[in-house]
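J.: Sequence plus the predicted model coming up.
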Amino acid sequence: MDWILHFFAFALGSIVGSFLNVVIHRYPREESIVFPGSHCPYCGSPIKPWDNIPILSYLLLLGRCRVCRGNISARYPLVELATGLFFLAVFLRTGPTIGFIAVSALVAMTIALIYIDLEIQILPDVIDLPGVAIGLVIGALHMGTLYPGLLLTSTLKEAVTGALVGAGSLMAIRVLYRVVRHVEGMGLGDVKMMAMIGAVVGWQPLFPVLLIASLTGSIAGLILAMRSSQGLMVAIPFGVFLGIAFLVVLFFGPTLWEWYLILLLR
């Protein structure tokens, strides 16, 4: 029975990933995520149900539209595969409980935020604010004590404090940057996303989240700066790196903390 449940978790994640692809593609273009149905972005042909099976359809069609043979972005199967694997990873830590629903929803939201910010450098309120609410529910239900394999808040107070510290820390950085450089260096979307992260993991892991995001963002920024005519003034979608750091800490935070204690006590 275990493998059936594991397969179900992966399949559910890949289906959610297929929906995320719709959100990622249509939100930046201000299109409805409901109507019209799935269609080829090149010729507009409706995609048949048998050509809309997550991952498999892309492989069977060799990454091309059945009608016009236009190339289908590799992002589609990658998002479906990543979401399926993340859902499976969550299930292995929570089992068939309410925690699976809550954490999987947050993972899906984070994936959507990463890709949308990467494309248009906007973190939609319609995604990150519900994420804050889910974080508060996680704290209220004491999920941090129920699922030790995930780094989650254990009390509502901890979740509220995490949200406030997360938002406050990035807001302070945003204001300081504006005072020193006289330009906007960070959007309010990053502040709200950090509030979501803080509500989920609490205030203590926020420094590692910022550290990982800053390091990965700096490396990517230097690469982009060397390839761009704007140099060091090139804009970096910081939400992408916040999302990556959040997922790392969410899944590997307990292990990283154990390693840190072992090194500290040596």
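T.: Here it is on my side, so go on.
J.: Who are the packing partners of the helix or strand hosting residue 5?
T.: Residue 5 is part of helix 2-26 when elements are defined by DSSP states H and E. Here helix 2-26 touches helix 75-94, helix 98-120, going by 3 or more C-beta pairs under 8 Å, 6 or more residues apart in numbering; DSSP states H and E. Where you see a C-beta, it was placed from the backbone N, CA and C, and this is true even at glycine.
J.: Just the buried positions in the last one, please.
T.: Read it as helix 98-120. For helix 98-120, the neighbour count (16 or more other C-beta atoms under 10 Å) marks 99-100, 102-104, 106-117 as buried.
J.: can I assume residue 153 is in contact with residue 203?
T.: No: applying C-beta atoms under 8 Å as the test, residue 153 and residue 203 come out as separate, 9.2 Å apart.
J.: So for these two, which residue has more residues nearby?
T.: residue 153 (31 against 20; other C-beta atoms under 10 Å).
J.: residue ranges with poor pLDDT in the chain?
T.: 1, 183, 185, 230-234, 260-261, 263-266 (pLDDT under 70).
J.: Which parts of it are helices?
T.: Shown for the chain, the helices assigned by DSSP state H span residues 2-26, 56-60, 75-94, 98-120, 125-140, 143-146, 156-181, 188-201, 206-227, 238-265.
J.: so of these, which one's packed in deepest?
T.: Counting by mean count of other C-beta atoms under 10 Å, helix 188-201 has the highest mean neighbour count of these, with a mean of 27.
J.: Is it possible to get CSV of the helices of the chain that adds distance to residue 38?
T.: CSV is the format used below for the helices of the chain (distance: least, C-beta to C-beta, whole Å):
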stretch, distance to residue 38
helix 2-26, 7
helix 56-60, 11
helix 75-94, 10
helix 98-120, 17
helix 125-140, 21
helix 143-146, 34
helix 156-181, 35
helix 188-201, 27
helix 206-227, 31
helix 238-265, 25
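J.: now the closest residue to residue 103 other than its chain neighbours: how far from residue 167?
T.: Residue nearest to residue 103 in three dimensions, not counting chain neighbours: residue 90, with 4.8 Å by C-beta to C-beta, 6 or more residues apart in numbering. Separation of residue 90 from residue 167 (C-beta to C-beta, to the nearest Å) stands at 25 Å.
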